[in-house]
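In: return atomic coordinates for the entry below.
(one chain, ligands or ions: 1)
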Amino acid sequence: MIWRRRPKSPKVVRHKPRCSFCGKEKGERGVQLVAGPGVYICSECISVANDILRGHNPPAPA
Ligand SMILES: [Zn+2]
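Out: Below you'll find the predicted structure:
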């Protein structure tokens with residue numbers, strides 16, 4: 001007997017989307033993720049990136 005399983009949705013999500021920079025998961029309070037091609041960035045990292053773009057470089061993590 002041939003049994004073919006079809007996924008309900010053509011888009012298969014293998015893992016929860018999480019920020020590629022700090023690892024925060026979508027769903028944490030106040031965290032919004034922006035999806036790029038294969039990556040995500042959260043609202044916090046976006047504000048950090050904004051600071052960097054404005055010339056305020058935070059100390060790099062060790
Ligand atoms: Zn982040």
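
In: when you work out contacts or count neighbours from here on, use the C-alpha atoms and nothing else.
Out: Noted.

In: distance check, the spatially closest residue to D51 that is not a sequence neighbour against the ion.
Out: Using CA to CA, 6 or more residues apart in numbering and skipping residues adjacent in sequence, the residue nearest D51 is N57, 6.9 Å away. Per CA to the ion, to the nearest Å, N57 is found 16 Å from the ion.

In: what about the strands in the protein?
Out: For the chain, the strands defined by DSSP state E cover 33-35, 40-42.

In: the last one: how far from the chain's middle?
Out: Distance of strand 40-42 from its chain centroid, counting by CA atoms, centre = their mean, to the nearest Å, is 4 Å.

In: quick one: is it near the ion?
Out: Yes - for strand 40-42, a contact with the ion is found by CA under 5 Å from the ion, at C42.

In: got the residues of the chain near the ion?
Out: Counting by CA under 5 Å from the ion, the chain sits next to the ion at 19, 21-22, 42, 45.

In: and of those residues, the nearest to G30?
Out: The nearest member of those to G30, counting by CA to CA, is C42 at 9.5 Å.

In: skip the chain neighbours and tell me the closest residue to that closest one.
Out: Using CA to CA, 6+ apart, the closest residue to C42 is L33 (4.3 Å).

In: thought the one you found was touching R18?
Out: Yes - using CA atoms under 8 Å, L33 is in contact with R18, at 7.4 Å.

In: shared neighbours of the two, anything?
Out: Counting by CA atoms under 8 Å, 6 or more residues apart in numbering, the contacts common to L33 and R18 are 26, 40-42.

In: which one of those residues sits closest to the ion?
Out: Relative to the ion, the closest of these is C42; by CA to the ion it sits at 4.2 Å.

In: show me what contacts that closest one?
Out: Contacts of C42 (CA under 8 Å, 6+ apart): 18-19, 24, 31-34.

In: ok so, going back, quick one: pLDDT of the residue nearest to D51?
Out: N57 carries a pLDDT score of 70 in this model.
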